[in-house]
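Participant: Quick one, fold the following:
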Amino acid sequence: MRADRRIGGGSAAQANADYMLGPLLGKQDGQELAMGLDMAKIPNAAKLLPLFQRESIQRAGKTYAMPILWGYDSVMYNRKKIPEDASLMQSRKVLFEDKYAGRVALRDDVHQSIAAASMAMGHKKPFDMDAKELGDEAKYLIAKKKNFRTLWTQFGEAADMLG
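Facilitator: As a prediction, this is how the structure comes out:
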C-alpha cells in the first residue's frame, strides 16, 4: 500500500515523529514501509541519555527512529516588551492574534508551523489529525499569513529581529 493513502489514519507511538512515522510504520507489525536501523553502524546510540533512549521508536526488536534534535521548537520574545509570566505567554494562540500582526515571525518549517497552528486552534493531538482537521488548519494558516512579519529559517534571524 502506498504511504500517501495511509497518511490520514496512520499514527506512531511517540510525539515528535508522529507526522512521519505513522505512514512509514503502519498500524501494526508487518506494515512497515521502511527498514529498521542497523544499530551496529550507530555505535554512539548507546551513549544517548536514558531520557532520549526512551524516545527511540522500536517495533518487534527493530529500531526505526532515534532522536537527532533537541530543542527544535523555539519561541523567542522580547522580555522588555512582554513579561515572562504574562498570560499571553501561556499559549501558542497569541502568535496568531490579529492585534500582533507585523510584530510576529514564524519559523519557516512546515512541521513546526502546522504544530503551532494546531495548538493555537485547540487540537489535542497536533501530530495526529484527520484530513478535515488538516484542511481546516491549512485554511487557518493561509488566513493568518499576513500577520507574520517574516518566516525565519535561522535562529540568528529571529534573534536579530528582537533588536
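Participant: Please count neighbours and contacts with C-alpha atoms only from this point.
Facilitator: Noted.
Participant: Am I right that Phe52 is in a strand?
Facilitator: No: counting by DSSP: H, G, I helix; E, B strand; the rest coil, Phe52 is located in no strand; its state is helix.
Participant: Identify the residues contacting it.
Facilitator: The contact partners of Phe52, taken as C-alpha atoms under 8 Å, 6 or more residues apart in numbering, are 66-67.
Participant: Report pLDDT for it.
Facilitator: Phe52 is assigned a pLDDT of 79 by the prediction.
Participant: repeat for Ala117
Facilitator: If you check Ala117, the pLDDT there is 91.
Participant: my read: it touches Leu141, true?
Facilitator: Yes: the pair Ala117 / Leu141 is scored as a contact, 6.9 Å apart, by C-alpha atoms under 8 Å.
Participant: who's more crowded, the two?
Facilitator: More crowded of Ala117 and Leu141, by other C-alpha atoms under 10 Å: Ala117, with 22 against 18.
Participant: That one and Asp128, how far apart?
Facilitator: As defined by C-alpha to C-alpha, to the nearest Å, Ala117 lies at a distance of 13 Å from Asp128.
Participant: who's in contact with the longest helix along the chain?
Facilitator: Longest helix of the chain, by residue count under DSSP state H: helix 131-144. For helix 131-144, the surrounding residues in contact (C-alpha under 8 Å, 6+ apart) are 8, 96, 98, 114, 117-118, 121.
Participant: would you put the C-alpha positions of it in CSV?
Facilitator: Output of helix 131-144 as CSV, limited to C-alpha atoms (Å, rounded to 0.1, in the frame of the first residue of the first chain):
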residue,chain,number,x,y,z
ALA,A,131,-7.9,15.1,6.6
LYS,A,132,-10.7,17.6,7.7
GLU,A,133,-8.6,18.9,10.6
LEU,A,134,-5.6,19.3,8.4
GLY,A,135,-7.6,21.1,5.7
ASP,A,136,-9.1,23.5,8.3
GLU,A,137,-5.6,24.2,9.6
ALA,A,138,-4.3,24.9,6.1
LYS,A,139,-7.1,27.5,5.7
TYR,A,140,-6.2,29.0,9.1
LEU,A,141,-2.5,29.3,8.3
ILE,A,142,-3.3,30.9,4.9
ALA,A,143,-5.7,33.4,6.6
LYS,A,144,-3.1,34.3,9.3
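Participant: Now do it, average pLDDT.
Facilitator: On average, helix 131-144 scores 92.
Participant: what does stretch 120-127 give?
Facilitator: For stretch 120-127, mean pLDDT rounds to 86.
Participant: That concludes my questions; thank you for your assistance.
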